[in-house]
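Chemist: Below are the sequence and a predicted model for it; my questions follow.
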Amino acid sequence: MSESMLTKFKGVNVKMEVGTDDLLAIAVSHYEQGLIRQKRLLEKAFRSDSRSKAEKEKVLDRNTKSFLKVTIGKDLQTACSALESASMGPVRI
């Protein structure tokens, strides 16, 4: 069910037929372009969040290693000293 229309474009008569399929294609295309824009924005945010997450994981890893060396290292050294005193020889770990 298309509707014919005679249109004058720059002095030239143009016969145009616009049907429901054409209108539907235009509407779908409009929404599709919006979804594509949204997808690009989300991808950009995801990449930014991923970089931020990786940087935070590196900092957490460094801090964890530092904590383990300082805190547990001291506690382990104290425990070894106590074991050496209790047993009569050096304790090997």
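Modeler: Perfect, I can see it now. Residues are numbered from 1 along each chain as shown.
Chemist: got a pLDDT number for residue 33?
Modeler: If you check residue 33, the pLDDT there is 94.
Chemist: Which helix or strand contains it?
Modeler: Taking DSSP states H and E as the definition, one finds residue 33 inside helix 20-67.
Chemist: helix or strand right after that helix?
Modeler: Heading C-terminal from helix 20-67, the first helix or strand you meet, by DSSP H and E, is helix 73-86.
Chemist: quick one, that next one and helix 20-67 angle?
Modeler: Counting by axes from the mean of the first three to the mean of the last three C-alpha atoms, to 10 degrees, helix 73-86 lies at 40 degrees to helix 20-67.
Chemist: if we can go back for a sec, how far off centre is the helix holding residue 33?
Modeler: In terms of C-alpha atoms, centre = their mean, to the nearest Å, the centre of helix 20-67 is set 5 Å apart from its chain centre.
Chemist: any idea of the mean pLDDT for stretch 81-93?
Modeler: For stretch 81-93, the per-residue pLDDT averages 65.
Chemist: so where's the chain shaky on pLDDT?
Modeler: Within the chain, the stretches with pLDDT under 70 are 1-10, 86-93.
Chemist: and with 90 instead?
Modeler: For the chain, the stretches with pLDDT under 90 are 1-22, 48-93.
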